[in-house]
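K.L.:
With the input below, show me the fold.
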Amino acid sequence: QVQLVESGGGLVQAGVSLRLSCATSGRTFSSYAMAWFRQAPGKEREFVAAISRSGRTSSADSVKDRFTISRDNAKNTVYLQMNSLKPEDTAVYYCAAEEATYNSIPSRYTDWGQGTQVIVSS
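P.N.:
Numbers count the residues shown, from 1 in each chain. So this is what the prediction gives:
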């Protein structure tokens, strides 16, 4: 099991950038595939981006040209760089981990953080 703590959320204006961090502890970080999901009020949790143990990435079409996921195994941390933020990006952002292949399915992730709120004003 790995413990996850997200940080970096906040209230920002449309068009700016924000970087989320997810610090992990517990088992070996490098053995986990990591992902970011988000959940807006009244909506289901949706996939944002994922990164494999070797650094391969995938992202949702809605954020593909604006968001970048990365990991630093030396710091046991995964990041989500969010550029050109839009009001529709407003959500609670969650970090998740799983020991198998990186993917976009929430139910396949075994460990989750508590989330960090991102609010983008127009």
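K.L.:
If I look at residue 79, what pLDDT would I see?
P.N.:
Looking at residue 79, its pLDDT reads 98.
K.L.:
Same check on residue 25?
P.N.:
pLDDT, residue 25: 90.
K.L.:
neighbours around it, how many?
P.N.:
As a burial measure, residue 25 scores 10 neighbours (other Cβ atoms under 10 Å). For the C-beta atoms, the positions are set from N, CA and C on the backbone; glycine is no exception.
K.L.:
Not counting sequence-adjacent ones, nearest residue to it?
P.N.:
Nearest in space to residue 25, with sequence neighbours left out and distances taken as Cβ to Cβ, 6 or more residues apart in numbering, is residue 3 at 4.8 Å.
K.L.:
Hmm, the one you found is touching residue 27, no?
P.N.:
No. The criterion here is Cβ atoms under 8 Å, and residue 3 misses it with residue 27 at 9.3 Å.
K.L.:
how far does stretch 109-122 sit from the chain's center?
P.N.:
Its chain's average C-alpha position is 7 Å from that of stretch 109-122, according to Cα atoms, centre = their mean, to the nearest Å.
K.L.:
got it, and stretch 39-54?
P.N.:
Between the centre of stretch 39-54 and the centre of its host chain there is 6 Å, according to Cα atoms, centre = their mean.
K.L.:
Please list the outside residues in contact with that stretch.
P.N.:
Residues from elsewhere that reach stretch 39-54 (Cβ atoms under 8 Å, 6 or more residues apart in numbering): 30-38, 57-60, 63, 67-71, 78, 80, 90-94, 101-106, 115.
K.L.:
Quick check on those residues: which are buried?
P.N.:
Of the members of those, the ones counted as buried by neighbours, 16 or more other Cβ atoms under 10 Å, are 32-38, 59-60, 63, 67-69, 71, 78, 80, 90-94, 102-104, 106, 115.
K.L.:
so of those, which ones are in helices?
P.N.:
Nothing among the buried ones among the contacts of stretch 39-54 maps onto helices, per DSSP state H.
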